[in-house]
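*Asks:* With the input below, show me the fold.
(one chain, ligands or ions: 1)
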Amino acid sequence: MNFQIKTNEGYEAAYRQSIEQPEQFWDDVAKEYQWQQPWSKTLTWNFEEPNVKWFEGGKLNITENCLDRHLEKNGTKTALIWEPNDPKEPFLKFTYEELHSRVCIMANILKGMGIKKGDRVCIYLPMIPELSFAVLACARIGAIHSVVFAGFSVNAVADRIQDSGCEYCITSDGLNRGAKQIPIKSVVDEAVESCPTIKKVLVINRINWPVEMKEGRDFWYHIERTKVSDDCPAEEMDSEDPLFILYTSGSTGKPKGVVHTCAGYMVYSGYTFSNVFQYQENEVYWCTADVGWVTGHSYLIYGPLLNGATSLMFEGIPTFPDPGRFWQVIDKHRVNIFYTAPTAIRSLMAAGIDHVLAYSLHSLRVLGSVGEPINEEAWHWYHTHVGKGKCPIVDTWWQTETGGIMISALAGISELIPAHAGLPLPGIQPILVNNDGTEIIGNNVEGHLCIKFPWPSIIRTTWGDHERCRINYFSTYKNLYFTGDGARREANGMYRIIGRVDDVINVSGHRFGTAEIENAINQNKKVVESAVVGFPHPIKGQGIYAYVILLAPTDTPNHMRDEIVETVAEHIGRIAKPDKIQFVSALPKTRSGKIMRRILRKVADGELETLGDTSTLLDPLVVDEIIKGRL
Ligand code: WTA
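*Replies:* Numbers count the residues shown, from 1 in each chain. Down below sits the predicted model:
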C-alpha cells in the first residue's frame, strides 16, 4: 500500500504530520483501504469517559480488505502457508483465492448455524488453517470473535464464554503439541456445562480423537462444509462496530474482554505491519505467536493479509522434533521476515548454537521481537546467529489494548540500539509521568509510560463493563491512557521499556494478574491464603513465585506443591503454574491488612539487603521466617 515509509526523513515527516494534523494524517492512511461507504468524521474523542470513535459514518468489511481486494491482481499469490507440528506431515498453502473461498465456506456454515451480526463466537482452536478461516469468517458475517488460547483450562474457557455471552463455539477434537496429542473438545464440553448461552458448537477434526457429539448442538466442520457454497457477501459493518473481544489479564480480578472495532483496528494493524516490517512484495513472513494472543490477531492474520502478504502459520513448538525446528522451517519456506518472542529466543539459545548453525537462514531479511523486554544477551545472539549480523531487529512494544505496534524501529530505516524499542510510530504520542501524574520532560528520564492522544486501534471498552475500562486505563492519570509499563527515554529520545509497574506478571510474554493466580491457588481446599509475585527467570523473563499459607502444615511439601500446581492448571491453565511455592505461616501485612508485595518481591529476587522499613508491619517477625524459607 502507498503508506509505506521509505526513509528516516520520511518517518520524521510522517511523524510530524501525524502530530500536527492527526485527522488529515489518518484520513490519508485510511483512504488506502476499501470502504463500502466513506466516513464522515475522522475522530471524536475524550479520555474521561473514555469515548473514542474513528472514521464515524464509514461502512466496511475488514475481510474485503484482507481477501477480496487482492483477488484481481494477486488471486494466485500464496496468502497462508501452514506448517504442521510434525515435519513429516505435508505442509499446506492457500492462495488468496483459496483462502477467500475457505473463509466464505466457513462463513456460510456459521450462518447456517444461526450466527448473525453482533453475536459472540468463542474460538478455541489450535494453530490450524481452520483457525484463520474461523476468525475471518466471523469478521465476514459481522460476528464478534473471542479467541481463547487452546492452553486455557475449562474454567478459563467458561469464564470467557460467560463474560461475553457467547452463543456459539468453534473447536477441534484435539491438538498436536510436539510428541503429544491433547484432546480439547472435552474441555469445551465441560465448560459448556456451566454456559447455558451456548447453542451450537462446530468441531474440526484434527487428530481423529474420539469425541462425544451432542445431537442438535455439535456439528462436524468436514460434514457441514459439503453442504454450503463458497459465495458469501461480506456484511456491511459500521466503523465502530466491534470486530473482536480478546481477554487479557490486568492487575485486578478476572481477565477483561478488550474490545476492538472494525475500522480503526484495520487501519492501524495494516499500517503498522507495512511500516515496521517493511514488507516487500513476494516476501514470506512468519509470526510465531499463537492466534490466541493479540500478536497472532494483528500480525499473523489481519496485518499481513491487509497488505496482501504471505503469512506462515506454524502448528508446533520450537523444540519439536528438536530445537532446530524454527530454523529448519525458515530454510524450508525461505522465510524473509521472522517475528518471535524473547522467551523463545532464550530457550533456543540455551539449547546450543549447533541447532542454528545446521541451517543457512540466508533468506532472512528482518527479525522482530515482541511480548516482553528483550535482554541484551538474547538480542545479540538473535542478531549474530539468526540474523548473521545483517538483519535489523525490530523490538516492537505494544499491548492487547493498543491493537497494534506503538513503539518500534522501522526495519532497515531506523537506527537500532540493542534492547531498545525505539521511537514511537506515526500517530503515537507517548509521555512519561511520575507517580502524581506530572509529565517528565526531557531525555535521560524514567517514569510511567502513558499515551496522550488516541490512535485508531486504541481499546474502545472492556466488554460488558465500560467503567472497568475507564478505571483501568484512563483514571490513574487524568486525560492519559496508562499502559501499566515503566519506561526510560534515552538521550536520543528512544524508549526502553522496563516492564510492568502494576501487579501484572509477564511470563514468557503472557500476562497474568497476581490476583488472578492467587484466586486460582486459593481454590485449593487446603490453602488459606496466598500471595504471588514475579521474579526474574532466565528463560521466561519472569517466573511466578507463590507464598502460600496452608490450613495445616504438610509433611509432604512437594506433593502439596504438585497439588497446588494442578489447582492452577485447572482454574487457568498450565501456562500460569507457579515456578516456586513457598509455604509460610503468615504474610507480611500492614496494620490495615494490605499485603506488602514489595517485601515479597525482594525476597523472591534475593534482594535481602534492601528490604526497606518493615517496622510498620503488623508482625515484623514474619519477614524473618519468610527469608529463612526462601526457595
Ligand atoms: C510487554 C503483547 C518490552 C509490556 C503485544 C506490555 C513488551 C505487555 C514488549 C503487553 C516489548 C510487549 N518490550 N515489553 N517489545 N512488547 N511488552 O497485551 O509489559 O500480551 O504492557 O501484548 O507486554 O502484553 P500483551
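
*Asks:* Just list the residues touching Lys200, thanks.
*Replies:* Residues in contact with Lys200, defined by Cβ atoms under 8 Å, 6 or more residues apart in numbering, are 113-114, 167-169, 217-219. Every residue, glycine included, has its C-beta placed from N, CA and C.

*Asks:* Give me every residue in the stretch 151-300 of the chain lying close to the ligand.
*Replies:* 248, 293-295 (Cβ under 6 Å from any ligand atom).

*Asks:* nearest residue to Leu175 other than its sequence neighbours?
*Replies:* Closest residue to Leu175 apart from its sequence neighbours, by Cβ to Cβ, 6 or more residues apart in numbering: Pro126 at 3.5 Å.

*Asks:* Near the one you found, how many other residues are there?
*Replies:* 26 (other Cβ atoms under 10 Å).

*Asks:* part of a helix, is it?
*Replies:* No - in this structure, Pro126 is coil, not part of a helix, as judged by DSSP: H, G, I helix; E, B strand; the rest coil.

*Asks:* do you know how far it is from Asn434?
*Replies:* 45 Å (Cβ to Cβ, to the nearest Å).

*Asks:* Write out the residues of this structure neighbouring the ligand.
*Replies:* Residues of the chain lying near the ligand (Cβ under 6 Å from any ligand atom): 248, 293-295, 369-373, 395-400, 421, 483-485, 497, 499-500, 506, 511.

*Asks:* May I see the ChimeraX selection of the buried members of the residues you listed?
*Replies:* Filtering the residues of the chain next to the ligand down to the buried ones (16 or more other Cβ atoms under 10 Å) takes a single ChimeraX command:
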select :248,293,294,295,369,370,371,372,373,395,396,397,398,399,400,421,483,484,485,497,499,500,506,511
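
*Asks:* tell me the phi and psi of Pro588?
*Replies:* Main-chain dihedrals, Pro588, degrees, to the nearest 10: phi -70, psi 120.

*Asks:* Where does the stretch 451-600 of the chain get nearest to the ligand, residue-wise?
*Replies:* Nearest residue of the stretch 451-600 of the chain to the ligand (Cβ to the nearest ligand atom) works out as Ile497 at 3.6 Å.

*Asks:* can you list contacts of the helix or strand where that residue lies?
*Replies:* Using DSSP states H and E, Ile497 maps to strand 495-500. For strand 495-500, contacts defined as Cβ under 8 Å, 6+ apart pick out 372-373, 397, 407, 419-424, 430, 446, 449, 484-490, 506, 542.

*Asks:* Count the neighbours of the residue nearest to Leu600 when sequence neighbours are not counted for me.
*Replies:* Of all residues not flanking Leu600 in the chain, Val533 sits nearest, at 4.8 Å (Cβ to Cβ, 6+ apart). For Val533, the neighbour count with other Cβ under 10 Å is 24.

*Asks:* Per-residue pLDDT of Arg597, please?
*Replies:* For Arg597, the model assigns a pLDDT of 89.

*Asks:* Wait, it touches Ala531, no?
*Replies:* Yes - using Cβ atoms under 8 Å, Arg597 makes contact with Ala531 at a distance of 6.8 Å.

*Asks:* what's the overlap in contacts for those two?
*Replies:* In contact with both Arg597 and Ala531: Thr514, using Cβ under 8 Å, 6+ apart.

*Asks:* the more surrounded of those two?
*Replies:* Ala531 (25 against 18).

*Asks:* Work out the gap between the helix or strand containing that one and the centre of the chain.
*Replies:* Per DSSP H and E, Ala531 falls inside strand 527-537. When distances are taken as Cα atoms, centre = their mean, to the nearest Å, strand 527-537 is centred 23 Å away from the chain's centroid.

*Asks:* How is Gly257 assigned, secondary-structure-wise?
*Replies:* Three-state assignment for Gly257 (three-state DSSP): strand.

*Asks:* Per-residue pLDDT of it, please?
*Replies:* 98.

*Asks:* So in terms of bridging, what pairs with it?
*Replies:* Tyr247 (DSSP bridges).

*Asks:* hey, where'd the strands end up in the stretch 451-600 of the chain?
*Replies:* 461-462, 481-489, 495-500, 504-507, 510-513, 527-537, 541-550, 580-583 (DSSP state E, counting those that start in this stretch).

*Asks:* any chance you could map the helices in the stretch 101-250 of the chain?
*Replies:* 129-141, 154-164, 185-192, 221-224 (DSSP state H, counting those that start in this stretch).
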